[in-house]
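Chemist: show me how the following folds:
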Amino acid sequence: MSYTKLAVKGAATVFIISILAAFLGYVARFILARNLTLEEFGLFYSVFAFLGMFGVFKSLGFDRALAKFIPEFVHKKNYDQIKSSIIYVSAIQLLTNTIVIIGIYLFSAYLSQNFFRSPQAGIVLKLMAIAFFLDSFALVLKFAFQGFKKMAYFAGIDAVKMLLVIAITLVGVGMNYGILGPVIAYVISTIIIILVFGFILIKKIFPSFLKSKFVYEGKLMKEISRYSIFAMSGGVGMVILGYTDTILLTYFSGLTSVALYNVALPTAKVLMYFPRSITGILLPLISELWAKKEKALIREGIESLYKYTIIIIIPLVFMILSFSDLIINILFGEEYVLASNALKVLSIGMIFAVLYAVNIDFFLGIGKPEVNSLIVYSAALFNLVANFIMIPVWGIMGAAISTTVSYFIMMAIGVAKIRKYIKIKFPVKIWVKTSIAGVIFVFVILFLKWVLALNAWIEAVLVLAIAGLAYLALLFLLKVVDIDELKIIYNRISR
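Modeler: Numbers count the residues shown, from 1 in each chain. This is a model prediction of the structure:
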């Protein structure tokens, strides 16, 4: 099997299982929204975000180092160093996580009263801290699997964990445990993951683990430490970008706002899954083509991705803009409908996010992760400052606007930087024509909603079907796509 086929197979495996895990995570969120009060739902995700802020610091990037060093040791058949690196990373995790969890327990009462402002926050924070403590060792297993190139296990940990969380949460809901149901679910599921996947690693993937020796080598530990600190520096920006909005909403606006925002943002991010199916295999292919100096093929591929990701996401965004109230109401209930306006703003942000997703795979594929770090830190800094300014004034709308502009910044910098490596042409005319088709798509929806008076579900399906056909017809009429081009793409894929 060729390198490309191997790369595609591995990337496809990770992508499919990751999508499954993300879907299960969304199902878990749906279950919580339906079975917890608004304040409990907000408290759960507020605590989750608070602990997530410590995630990169309590691991210091050491877990990710295994994905780099294990393949080298496997190639050299140096099993002692594989075992030593796993034990060394686990020991670092134990030390840093112990420090973090002690600090959380010491300040839990203060945080419960002055930050979360909820009498339930203390017990939720303590139990979730245990879950996050244990999860660090699950991540050691996860990146060890990646190092051994066992991608099904690497991605499967997340999917299996979410299945366990859902199952245990449903038991907790049935026993009227309230917010403690999902909290306990995270603790128990992580313990199961460590036991099951730890057994798989030692018995199936690395059966020499017990026979190998632990050897302390200062040079090895120094190399792992140096790489880990670099890996951590790249993760800090993503942590800031991912969690500050929820944390600042907790402080300035309260748990109800957190609950509404944590319905709007994940729902908007669902839009990323569809175009991501196109870019899912991009990174390994760019890596190969860049090594072969095939810049023309890379340019052609990137330009096509710029075109087709927009073609896919535009109608999805406009669909959310048209049906945001209905989507929120059906999925989460009437009390969450107040999140619909934030969902509209965030869905627009996803247009910029998918274009950035193309750029990030390009930079990683050509071995320029520092460019991504620059992009992420720039957006994270803006997001932090903007959240401080806008959340106290506009609440979740301020957070939504900040996040959307942050995605735009990431896209804009990525687009500017990519031209330093390949002479790319941006399909601006195609984007404009696609946007026109999208606007007409919305008018068709609005007209049909005005004319029809049917059951909400039947009406939505019928309206979207007709509007979708109109959108496809417009793509051909405006010459955004044509049959010959689609045939060429199909022939390339089917080879």
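Chemist: show me where the stretch 351-495 of the chain has helices.
Modeler: For the stretch 351-495 of the chain, helices defined by DSSP state H, counting those that start in this stretch occupy the ranges 369-394, 396-418, 428-451, 456-477, 483-494.
Chemist: between those helices, which one is closest to residue 291.
Modeler: For the helices of the stretch 351-495 of the chain, distance to residue 291 was read as CB to CB. The smallest value, 16.2 Å, belongs to helix 369-394. For glycine as for every other residue, the C-beta is placed from the backbone atoms N, C-alpha and C.
Chemist: the closest one vs helix 396-418, what angle?
Modeler: Interaxial angle, helix 369-394 versus helix 396-418 (axes from the mean of the first three to the mean of the last three CA atoms, to 10 degrees): 160 degrees.
Chemist: now for helix 369-394, which elements pack on it?
Modeler: If contacts are counted by 3 or more CB pairs under 8 Å, 6 or more residues apart in numbering; DSSP states H and E, helix 369-394 sits against helix 218-252, helix 340-365, helix 396-418.
Chemist: for residue 475, find the nearest of these.
Modeler: Nearest of these to residue 475, taken as CB to CB: helix 340-365 at 16.7 Å.
Chemist: which elements pack onto the closest one?
Modeler: Packing partners of helix 340-365 (3+ CB pairs under 8 Å, 6+ apart): helix 255-269, helix 273-279, helix 282-291, helix 295-332, helix 369-394, helix 396-418.
Chemist: quick check, distance from the longest one to the centre of its chain.
Modeler: In terms of CA atoms, centre = their mean, to the nearest Å, the centre of helix 295-332 is set 16 Å apart from its chain centre.
Chemist: so for it, mean pLDDT?
Modeler: Helix 295-332 shows a mean pLDDT of 85.
Chemist: hang on, the earlier thing: as a markdown table, the helices of the stretch 351-495 of the chain with mean neighbour count would be great.
Modeler: Formatted as a markdown table, the helices of the stretch 351-495 of the chain follow (neighbours: other CB atoms under 10 Å):
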| stretch | mean neighbour count |
| --- | --- |
| helix 369-394 | 18 |
| helix 396-418 | 22 |
| helix 428-451 | 16 |
| helix 456-477 | 15 |
| helix 483-494 | 10 |
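Chemist: any chance of these in a markdown table, with mean pLDDT and distance to residue 159 too?
Modeler: Shown next, in a markdown table, are the helices of the stretch 351-495 of the chain (pLDDT from 0 to 100; distance: least, CB to CB, whole Å):
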| stretch | mean pLDDT | distance to residue 159 |
| --- | --- | --- |
| helix 369-394 | 88 | 26 |
| helix 396-418 | 93 | 26 |
| helix 428-451 | 87 | 33 |
| helix 456-477 | 86 | 29 |
| helix 483-494 | 61 | 26 |
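Chemist: circling back to that earlier point, nearest to residue 339, out of the helices and strands packed on helix 340-365?
Modeler: Residue 339 lies closest, by CB to CB, to one member of the helices and strands packed on helix 340-365: helix 255-269, at 4.0 Å.
Chemist: can you tell me how far residue 436 is from residue 322?
Modeler: Separation of residue 436 from residue 322 (CB to CB, to the nearest Å): 17 Å.
Chemist: what do you get for residue 186?
Modeler: Between residue 186 and residue 322 the computed distance is 36 Å (CB to CB).
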